[in-house]
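# Sequence first, predicted coordinates after that:
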Amino acid sequence: MKALVVFPPGWSQNVGNPHIALPLLKSTLETSEVEVTVRDLNWEVAEYHCVHINQREALEAVQNGTMETMNEPYFRAEDRLMSVAKKYSGEWNLQLGFKFDKFSSSSSNDIRDALPVNSPFTEFFKCVVLPSVTKGSPELIGFSIASVYQLIPSLHLTWLLRKAGYEGLIVFGGNTVSRLRKEIAATPWLFDLVDGFIVFQGEIPLVNLSSRFLRRDCFPSVPNLIWRDGNEVKVNAARQYQNPNFVPTPDFGDLPVGQYWGVNYLPLVAARGCYYGQCIFCAIPYGFGERGFSGIRSTGMVFDDIRTLLDKHDISRFKFMDEALPPRILRDLPEWILEARLNIEWEAYLRLERQWLDRNFVGRVAMSGFRKGYFGLEIFPEETRRQLGKSDGAKNILRVLENCYETGIKVHLFCMFGFPGTGRKEAERTIDFILEHKDWIDSVDLNAYTYAKHTSVPGIEKIVKPDEDWALEYEYRGLSKEIMNSREVEELATEMEEIVWTDCPRLLHPTYRLISPWTCMTEAAKDQDVRSIAI
């Protein structure tokens, strides 16, 4: 059995790593004796259009931290993509991907109408992807779709494959597919192009499909699969639990490791889903199943993943892509690293757990090479913060920032404005807090609250538009005069962003984030100081 699994265009270009999905799928399929190749078409298409920001360019751009120097490489790259997109009546955002002016990924009708329409990807698909499929003759092609911006390019490529005569199995999976499972089942025309859609975690279903390819009558027994039987769309029962300890170390062998933008690193996962999972505004864990969580990998296996990849690749930097790294892993992994004397750097998404108040704990984490933590602050500590479903130590955020700063750990804060029950006062207090402590904070995200599919939030009413049947986020109105509507929240978030852009652009700038956590940035700064003294 030969399989090809691709990550389609439509993801951020401004990253230093491949998406974790493909390496996980490759390692799992190979243990089941499937000959599998994985390709990052999102990276490939940017290279095809000669758009790239390398490590040297990123380092030089952030040396003095001005808006002008950081803007130069970023907008040079994005302007190139935008000029390509204009030829196809669309725009190509460096961080979000390409979108047509007249076709929306939130509409199944628009997606269907866009199938035969040329895009910035068409020539690349025809000249590069289709010939390689003909040459490699995979019997199965899988698409891992993490963003709505990948829907139209994925289906366009599928349309081109079928038009070119490809008769093998085509399967879609990924977070976006999982969140649209009911809508997909209600859209019969999709199955003229795609044989099956895998929801939630895809390793087991994809292995089953690969091993049973020659017996399509086995489709009813494949878990998590949506497929068509004659004229009837079938939705198989979902298997939501995937033991993280039964998954091999991710295999990055086919991917352009070291050639992504800025400083390169390798992604890892220690847990499937979010171990907390109580934030009522967040729909991300739904991609792992309706329960949102299915276990934590043992610390020993996580450590083995790091050591295996360190031996295989010339990269000693790692980022945990977990929604929040579990406290047990965070407590134990540094000790494994220190005992083995591994010379690595790593970072992770985190909750403001009480352990960050312990200076000794923070020091040990820092000694193990931990460079940056990404914390969900949302708003500066207020009683109203509890309405978000938070139950962590945000009231002690100053102590967390101080502990991290004094041990050399950088901090990113995720902030969110306009959640029902909060408004301008909380937004302004949050911005004041950030700017007052900007020397302790490395970067921030300032987001407007959005009403996400698969969440239920009191105090507002989502606005469902009939022509946006595939929407994953909704406009909304407040049910009382104290609660802001979605348009007002967007305006508030934009206003707060402008304040930060003016005062400290480094906190928000995407070019800075290409290099911010890693030692090479510090070393480059020291080199610049030495040159200045010599002059």
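Everything's here; your move. Residues are numbered from 1 along each chain as shown.

# Pretty sure Glu91 sits in a strand.
Yes. Judged by DSSP: H, G, I helix; E, B strand; the rest coil, Glu91 forms part of a strand.

# and it, how many neighbours?
Other residues near Glu91 number 16, with proximity taken as other CB atoms under 10 Å. C-beta coordinates here come from the backbone N, C-alpha and C atoms, glycine included.

# Tell me the bridge partners for it.
Lys99 (DSSP bridges).

# For it, which residues are in contact?
By CB atoms under 8 Å, 6 or more residues apart in numbering, Glu91 lies in contact with Met82, Ala85, Phe98, Lys99, Asp101.

# same thing with Ile463?
With CB under 8 Å, 6+ apart, Ile463 has these contacts: Tyr474, Glu475, Tyr476, Arg477, Ser486.

# mind redoing it with 7 Å?
Remark: with contacts taken as CB atoms under 7 Å, 6 or more residues apart in numbering, Ile463 is in contact with Tyr474, Glu475, Tyr476, Arg477.

# Tell me the most packed of those residues, by neighbour count.
Neighbour max across the contacts of Ile463 (other CB under 10 Å) = Tyr476, 23 neighbours.

# now the helices: where do they sit in the stretch 301-450 of the chain?
For the stretch 301-450 of the chain, helices defined by DSSP state H, counting those that start in this stretch occupy the ranges 327-340, 359-367, 397-407, 424-436.

# I'd like those helices written out as a markdown table, with mean neighbour count, mean pLDDT and distance to Ile152 added.
Below are those laid out as a markdown table (neighbours: other CB atoms under 10 Å; pLDDT from 0 to 100; distance: least, CB to CB, whole Å):
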| stretch | mean neighbour count | mean pLDDT | distance to Ile152 |
| --- | --- | --- | --- |
| helix 327-340 | 17 | 97 | 37 |
| helix 359-367 | 17 | 98 | 42 |
| helix 397-407 | 18 | 96 | 41 |
| helix 424-436 | 17 | 96 | 34 |
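
# Mind putting these into TSV with distance to Tyr374?
Below are the helices of the stretch 301-450 of the chain laid out as TSV (distance: least, CB to CB, whole Å):
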stretch	distance to Tyr374
helix 327-340	13
helix 359-367	14
helix 397-407	12
helix 424-436	15
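
# among those helices, which is nearest Ala452?
helix 424-436 (19.6 Å; CB to CB).

# tell me what the closest one is packed against?
strand 410-417, helix 486-503 (3 or more CB pairs under 7 Å, 6 or more residues apart in numbering; DSSP states H and E).

# rewinding a little: Leu225 is nearest to which of the helices of the stretch 301-450 of the chain?
helix 327-340 (31.4 Å).

# And the closest one, what does it pack against?
helix 299-312, helix 359-367.

# related to what we said a few turns ago, closest to Val38 among the contacts of Glu91?
Phe98 (21.9 Å).

# got a list of what that closest one touches?
Pro9, Gly10, Ala85, Gly90, Trp92, Ser119, Pro120, Tyr149.

# Report the contact partners of the closest residue to the fourth one other than its chain neighbours.
Nearest non-adjacent residue to Gly90, counting by CB to CB, 6 or more residues apart in numbering: Phe100, 4.4 Å away. When the contact criterion is CB under 7 Å, 6+ apart, the partners of Phe100 are Ser89, Gly90, Ala114.

# So which bits of stretch 462-481 are buried?
Lys462, Glu468, Trp470, Ala471, Leu472, Glu473, Tyr474, Glu475, Tyr476, Gly478 (16 or more other CB atoms under 10 Å).

# who does the last one bridge with?
Following DSSP bridges, Gly478 is listed with bridge partners Ile460.

# That one contacts Lys462, correct?
No. Applying CB atoms under 7 Å as the test, Gly478 and Lys462 come out as separate, 11.5 Å apart.

# who's in contact with the strand or helix carrying Val177?
In this assignment (DSSP states H and E), Val177 forms part of helix 175-179. Applying CB under 7 Å, 6+ apart, the contact partners of helix 175-179 are 145-148, 150-151, 184, 197-200, 283, 286-287, 453-454, 472.

# Turn the contacts of Ile463 into a markdown table, columns for distance to Tyr449, secondary structure and pLDDT.
What follows is the contacts of Ile463, written out as a markdown table (distance: CB to CB, whole Å; DSSP: H, G, I helix; E, B strand; the rest coil; pLDDT from 0 to 100):
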| residue | distance to Tyr449 | secondary structure | pLDDT |
| --- | --- | --- | --- |
| Tyr474 | 11 | strand | 97 |
| Glu475 | 12 | strand | 97 |
| Tyr476 | 9 | strand | 97 |
| Arg477 | 13 | strand | 96 |
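
# Now do the same for Ser104: helix, strand or coil?
Assignment for Ser104 (three-state DSSP): coil.

# biggest helix in this protein by residues?
As assigned by DSSP state H, the longest helix anywhere in the chain is helix 67-86.

# And the strands in the stretch 1-150 of the chain?
Listed in chain order, the strands of the stretch 1-150 of the chain (DSSP state E, counting those that start in this stretch) span 2-7, 35-40, 90-93, 97-100, 140-144.

# Show me the shaky parts of the stretch 401-535 of the chain.
In the prediction, the stretch 401-535 of the chain carries residues with pLDDT under 70 at positions 522-535.

# Which strands and helices lie in contact with the helix or strand containing Trp227?
Counting by DSSP H and E, the element that carries Trp227 is strand 225-229. Counting contacts by 3+ CB pairs under 7 Å, 6+ apart, strand 225-229 is packed against helix 181-185, strand 196-198, strand 232-235.

# With mean pLDDT, mean neighbour count and distance to Leu310 as extra columns, can I get those in CSV?
As requested, the helices and strands packed on strand 225-229 are exported to CSV (pLDDT from 0 to 100; neighbours: other CB atoms under 10 Å; distance: least, CB to CB, whole Å):
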stretch, mean pLDDT, mean neighbour count, distance to Leu310
helix 181-185, 97, 17, 37
strand 196-198, 96, 27, 31
strand 232-235, 96, 14, 42
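
# And those: which comes nearest Val62?
strand 196-198 (40.1 Å).

# quick one: strands adjacent to that closest one?
As assigned by DSSP bridges, strand 196-198 forms pairs with strand 169-173 (parallel), strand 225-229 (antiparallel).

# And the contacts of it?
Against strand 196-198 from outside (CB under 7 Å, 6+ apart): 171-173, 177, 184, 205-206, 209, 219, 224-227.

# One more pass at 6 Å, please.
Strand 196-198 has contacts (CB atoms under 6 Å, 6 or more residues apart in numbering) with Val171, Phe172, Gly173, Val177, Ile184, Pro205, Asn224, Leu225, Ile226, Trp227.

# Please tell me which one of those residues counts the most neighbours.
Phe172 (29 neighbours).
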